[in-house]
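S.K.: My questions concern the predicted model and sequence given below.
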Amino acid sequence: MGIFTMLSTPLCLPFFFLCLKTVFASSIHLCSHEEAFVLLQFKTSFSIDYTVSYPYYCGGPFYTKPNYSKTESWKEGIDCCSWQGVSCDNVTGHVIALDLSCSHLSGTFPSNSTLFFLRNLQSLNLAFNDFRHSKIPSEISLFTRLKHLDISLSGFLGRVPREIAHLHKLVSLNLSSYFYDDSLELILETTTFRNLVHNLSEVRELVLSGVNMTSVNPRFFMNLSSSLTTLDLVGSMLRGNFPNSIFHFPNLKNFYLSGSFGERNLTIDLPSSNWSSPLQQLWLGDMNCGRQLPESIGDLKSLQYLSLSCNLEGSIPASIGNLSQLTYLSLSYNNLSRQIPSSLANLTQLTSLGLSINQFSGPIPASIGNLRQLTSLQLSSNKFGGQIPSSLGNLTQLTSLGLSINQFSGPIPASIGNLRQLPSLFLYSTNLSGQIPSLLANLTQLTFLSLSNNQFSGPIPASIGNLRQLSSLFLYSNNFSGQIPPSLANLTQLTSLSLSNNQFSGPIPAFIGNLRQLTSLALNSNNLSRQIPPSLANLTQLYFLSLSNNQFSGPIPASIGNLRQLSSIFLYSNNFSGQIPSSLANLTQLTSLYLSHNQFSGPIPFHASRFSKLSDLDLSYNLFNGTLPPWIFTLPLLEWLILSHNQFQGQINQFQQKSLIDLDLSNNKFQGSIPNSIANLVNLSYLDLSSNHFSDLVEPDMFSALQNLETIFLSDNNLSLRMNVNANFKLPKLIDVSFSFCNLSEFPNFLRHSNGLQSLVLSKNSIHGNIPEWICEKDDLKILDLSHNNLIGKIPNCLPKSLSVLNLQANYFDGNVPFGFPECWDRPNTLFGPHTMEAQHSI
């Protein structure tokens, strides 16, 4: 219909000028130059930063927002009412709504922003931008006509201005903040909140998730408008008791509430009757909501979404089956127990059911197969028993299934092969047994499969090679046997493969080199044998390799140097032999190298500058010899250096690093002095230099700075430990001490301050005098060996009752063996009395 045709209608004729204005306004929407200028000035206040992105909120969790900002359509000469995000009044042409959410705006929000000249604004949405830790300007109160305000997740922080309470026409207010980051929090103080509640007489939606409201008393929420339909207080750090009269608000449809994460210092009691709210969504988390889920929950006939994680106990009431509109139900992270009620099968609209991390027991009811709309079923971390019902195969819409950490029995039901939409299947730690059903190969959408820590046995079926989309396969800690099947070569998308802790035998198949996407390969703790195949060198993306606890033999192939991404290598407890290949020096990303309990020999060949990231080095229980290369003492991140039980020799260099936590050089042929730089290893917890040829005068004061030291073994060297009788330093964490054969003449009295001492071995020295009384104060002492010394006098009656080994032989004690220690190593002392025994063994 044309303009003049409209004006000729009888209705418009009496009001010609008014109609003319209305028609032209609705056709042209010409906004004023002043408001267009205001908006253009506002635009220049910010830059466009496409890294400011909230894909979950701005288009959905799997949506990638294009590099486009709404303000890009804001150009001079074009009617501002046609700009994206701008809405105008059809009559006056005034800008009344501004939606700049998800616009990639970045920059500080100025308190004198031209935006505040838009006095006719009724709706303002600035959500999902980045205003760089700006404070909410107090000038926001100038928007006296504002009905809708949304500044959620937009980088504002600090105190919410009290002037926000002047916006008395607000119908919806969203101040959501980053509740996962304290440095980005908004703070809503008590006075501001009380004024806000008092003035917002028409508010229907109030979203304050992530806003710090620690100082606000929850009872103030009862003064909110009875028009309230949505209240979101997730992560708002409220404390105390939240009045359950909130459930009697006549229009409340959506209620979300949680306390401080992990603290559960907020409580709300679920009503035992008379729920009067027309609730559709209820979310309570990280809090307490009474001991049990009341039968009255079944009265919420409009409920569509229910999530309660609030320390509930007892059973799920049968009345939950009355919630026929429910599509989402999560009761995870509670202490609910007993069996799942059969009435749960009535909830045929459910698409998601979560009961994980509770104490449910008994079998999963077969009737769960009636919930044919389910896309997610999570029952992990409970005590479910019996067999997995075959009716689970009816849930053909499932895209997520979690049954791990339960007490099932029997095999995987063959019907699980019907769940062809599943991208992941978690059945670890479920006590399942038998063989993997061949129908599992029907799940061709699987990318993640975990059957670990069960009782599965037999070979891996060849049909597993049909799961060509698999990126992660975890079968560790079962009783699988036979050889690794060739069909695994089809799984070319695998990034993680773990077959450890089984009974696989034979060699690593050569086809392993086809799995070129692998980043993690764990074959440890099997009966695999022969040599490492050369094809392993094809796995150039590998960063984790564990072949430990097998029967591999032969040398490490030089081609291992091709695996330049390797961070961790575990080859311990095999029969490897020969020298370490020099190509290992190519692995510059190494952080952990474990080669212990093999037959490696020769010197350590690799070069210092290549291992700047190495933190763990364990070469113990081999046949290595020669001197230690100087670079070992300069590695800046080295924490564990375990070289015990080899044939290393020569002197120990001074340690240049201070990162060492565990240092074990025992049972070698090192000689010379103990380097005094050990005194600088302030993080050291374990020190074992025993059974070498060290020779020098050592004063224990050199260890006085090692406040984290728990174990020190210096025994069986040619050392002479000289005690400073005035030494008063403390090693508060010390647990195990062995100073046998250290030419001690004095009791090491600095140990009197080590109250946690559990083992003290001072045998084969020349200690004279009496056992000091402070030994009686060591309530945790389990082993005390003072044999082969020159100790005299009576054995103290107060020796700790915690002792399980007491060796006092070859001293000069006299008198009675203390009561309570009838069996101790006491000979050839001159002890006597009824409690002296011939046996020389531990208590």
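M.R.: That came in fine, so what should we check first?

S.K.: Mind exporting the C-alpha coordinates of stretch 488-498 to CSV?
M.R.: What follows is stretch 488-498, C-alpha atoms only, in CSV (Å, rounded to 0.1, in the frame of the first residue of the first chain):
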residue,chain,number,x,y,z
LEU,A,488,45.5,-51.7,15.5
ALA,A,489,47.4,-50.5,12.5
ASN,A,490,44.1,-49.1,11.1
LEU,A,491,43.8,-46.7,13.9
THR,A,492,45.8,-44.0,12.2
GLN,A,493,44.1,-41.2,14.1
LEU,A,494,45.3,-42.4,17.5
THR,A,495,47.1,-39.8,19.6
SER,A,496,47.1,-41.8,22.9
LEU,A,497,47.5,-45.6,23.2
SER,A,498,47.9,-47.3,26.6
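
S.K.: so which strand or helix has residue 792?
M.R.: Secondary structure from DSSP states H and E places residue 792 in strand 790-793.

S.K.: and that strand, what does it pack onto?
M.R.: Applying 3 or more CB pairs under 8 Å, 6 or more residues apart in numbering; DSSP states H and E, we find strand 790-793 packed against strand 768-769, strand 812-816. C-beta: built from backbone N, CA, C; applies to glycine.

S.K.: who wins for proximity to residue 503 among these?
M.R.: Nearest to residue 503 among the helices and strands packed on strand 790-793 is strand 812-816; the distance by CB to CB comes to 54.4 Å.

S.K.: and the closest residue to residue 382 other than its chain neighbours, what pLDDT?
M.R.: In space, and not counting its chain neighbours, residue 382 is closest to residue 360: 4.3 Å by CB to CB, 6 or more residues apart in numbering. We have a pLDDT of 97 for residue 360.

S.K.: you'd agree residue 360 is up against residue 340?
M.R.: Yes - here residue 360 lies in contact with residue 340, judged by CB atoms under 8 Å, at a distance of 6.3 Å.

S.K.: For residue 436, see how far away residue 373 is.
M.R.: In this view, residue 373 and residue 436 are 29 Å apart by CB to CB, to the nearest Å.

S.K.: tell me, how many neighbours does the nearest residue to residue 445 once chain neighbours are set aside end up with?
M.R.: Once flanking residues are discounted, residue 445 sits nearest to residue 423: 5.3 Å by CB to CB, 6+ apart. Using other CB atoms under 10 Å, residue 423 is surrounded by 15 other residues.

S.K.: please begin residue numbering at 21 from this point
M.R.: Got it, the first residue is 21 from now on, which makes the last one we talked about residue 443.

S.K.: which residues does residue 443 contact?
M.R.: With CB atoms under 8 Å, 6 or more residues apart in numbering as the criterion, the residues that contact residue 443 are 419-420, 465-468.

S.K.: What's the PyMOL syntax to select whichever of these are buried?
M.R.: Remark: buried members of these, expressed as a PyMOL selection using 16 or more other CB atoms under 10 Å:
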select buried, resi 420+466+467+468
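
S.K.: With secondary structure, pLDDT and distance to residue 608 as added columns, please give the contacts of residue 443 in TSV.
M.R.: Shown next, in TSV, are these (DSSP: H, G, I helix; E, B strand; the rest coil; pLDDT from 0 to 100; distance: CB to CB, whole Å):
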residue	secondary structure	pLDDT	distance to residue 608
419	coil	95	41
420	strand	92	40
465	coil	96	38
466	coil	96	35
467	coil	96	31
468	strand	95	31
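
S.K.: hang on, residue 621 is in a strand, isn't it?
M.R.: Yes - secondary structure of residue 621 (DSSP: H, G, I helix; E, B strand; the rest coil): part of a strand.

S.K.: Tell me the spacing between it and residue 667.
M.R.: 9 Å.

S.K.: Now do the shared contacts for these two.
M.R.: Counting by CB under 8 Å, 6+ apart, the contacts common to residue 621 and residue 667 are 643-645.

S.K.: Any of these buried? List them.
M.R.: By neighbour count, with 16+ other CB under 10 Å, the shared contacts of residue 621 and residue 667 hold residue 644 as buried.

S.K.: Is it possible to get TSV of the shared contacts of residue 621 and residue 667 that adds pLDDT, distance to residue 289 and secondary structure?
M.R.: Formatted as TSV, those follow (pLDDT from 0 to 100; distance: CB to CB, whole Å; DSSP: H, G, I helix; E, B strand; the rest coil):
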residue	pLDDT	distance to residue 289	secondary structure
643	98	70	strand
644	97	68	strand
645	96	73	strand
